[in-house]
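Trainee: Generate a structure from the sequence data that follows.
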Amino acid sequence: MNQRLAHVAIIVDDYDRAIDFYTRKLGFKLTEDTHLSTTKRWVRVTPPGSTCDLLLAQASTDEQKQHIGNQTGGRVFLFLHTDNFDRDYSRLLEHNIEIVREQTIEPHGKVAVFKDIFGNLWDLIEPA
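Mentor: Here you go, the predicted structure:
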């Protein structure tokens, strides 16, 4: 059997604002931006070197809007592995991205928690 994650959907309030954040501030690549209708797009952004991407899903109902930034009930939602923690942590600081928990050395690696513009919590990890 051969399985892999292809996309992880993340609810956002605006496609273009999300694209700007993930590409310009986090350095992800805009992999696809296909207009499906006047209100819906298929937008994917991919971290460098990753085979799994984020599918940016603009909230279209009040219920979806309530979950923007809190898709996991306040827990860390996404785990971004890096081959150079210091480089990527510096990028977060340069772009004024909110650091929720400062960098620490844990048994599993160097880690910090940051918040994206929607309120989702991320771990930035350089594995040990």
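Trainee: close enough to count as contact, Lys29 and Ser50?
Mentor: No: with contacts counted by CB atoms under 8 Å, Lys29 stays clear of Ser50, the gap being 9.2 Å. The way it works is simple: take the backbone N, C-alpha and C, and place the C-beta from them, glycine included.
Trainee: Quick one: residues contacting Leu36.
Mentor: Counting by CB atoms under 8 Å, 6 or more residues apart in numbering, Leu36 makes contact with Trp42.
Trainee: Check for me that Ser70 belongs to a strand.
Mentor: Just so we're on the same page, residue 70 is Asn rather than Ser. No: counting by DSSP: H, G, I helix; E, B strand; the rest coil, Asn70 falls outside a strand, being coil.
Trainee: For it, give me its contacts.
Mentor: The contact partners of Asn70, by CB under 8 Å, 6+ apart, come to Gly119, Asn120.
Trainee: Begin at 341 from now on, thanks
Mentor: Right, with 341 as the first residue, what we last looked at is Asn410.
Trainee: show me the biggest helix of this protein in terms of residues.
Mentor: Longest helix of the chain, by residue count under DSSP state H: helix 425-434.
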